[in-house]
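what would the 3D arrangement of this be:
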Amino acid sequence: MARKVFFSFHYERDVRRIVQVRNSWVVRPEGEAQPFYDKAEFEEAKRRAGGIEEWIEQQLKGTSVTVILFGAETYDRKWVRHEIERSYKLKKGMLAIDIHRIKDPQKGSDVQGKNPLDYWSIEKNGRKVYFSEMYETYDWVNDDGYKNLSSWIEKAAKAAGR
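Reported below is the predicted structural model:
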């Protein structure tokens, strides 16, 4: 089944790693990713009325799964946190993928970052449950993301009832 997917990530540090992941997804018949945006589009969204929040809402519309691609600094990114929160509230399927081992053509691999799903938690049966316990996390290189991304997305969608 074709899935519309929203990719959440830290653009500046990880863009060349992100392109590799997204290109592996976009060229396959079973997936449909939201259009890839560049920094200029993001900067333009900042200047418009409604700004980035409205732009994110438009990007999330019609998607069934949010894929958080995280590297060394993604955990601290305000808009990534916002995208995760909105995806949770909108009952999207979610998963996180550690991309630090993907080789940036200019800089090679990177240091591992903290999983952004560890930032959010809910109270369940009197216990704090982190999103990282509720949603799957994978390593793009070690878990063969190129081969398995489609099945990870489908699993996240089904877990969310989509």
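
for the protein, give me the ranges with low pLDDT.
Within the chain, the stretches with pLDDT under 70 are 1, 25-50.

that one: helices as residue ranges?
Using DSSP state H, the helices of the chain run over 11-26, 39-47, 51-60, 78-89, 131-134, 145-159.

can I get those in a markdown table with distance to Ile99?
C-betas here are computed from N, CA, C, even on glycine. Listed next are those as a markdown table, based on distance: least, C-beta to C-beta, whole Å:
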| stretch | distance to Ile99 |
| --- | --- |
| helix 11-26 | 5 |
| helix 39-47 | 18 |
| helix 51-60 | 19 |
| helix 78-89 | 13 |
| helix 131-134 | 16 |
| helix 145-159 | 8 |
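
and those as TSV, adding distance to Leu95 and mean neighbour count?
Converted to TSV, the helices of the chain look like this (distance: least, C-beta to C-beta, whole Å; neighbours: other C-beta atoms under 10 Å):
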stretch	distance to Leu95	mean neighbour count
helix 11-26	12	17
helix 39-47	23	11
helix 51-60	15	15
helix 78-89	10	17
helix 131-134	11	17
helix 145-159	5	17
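
which of those helices sits closest to Gly113?
In terms of C-beta to C-beta, the element of those nearest to Gly113 is helix 11-26, at 9.1 Å.
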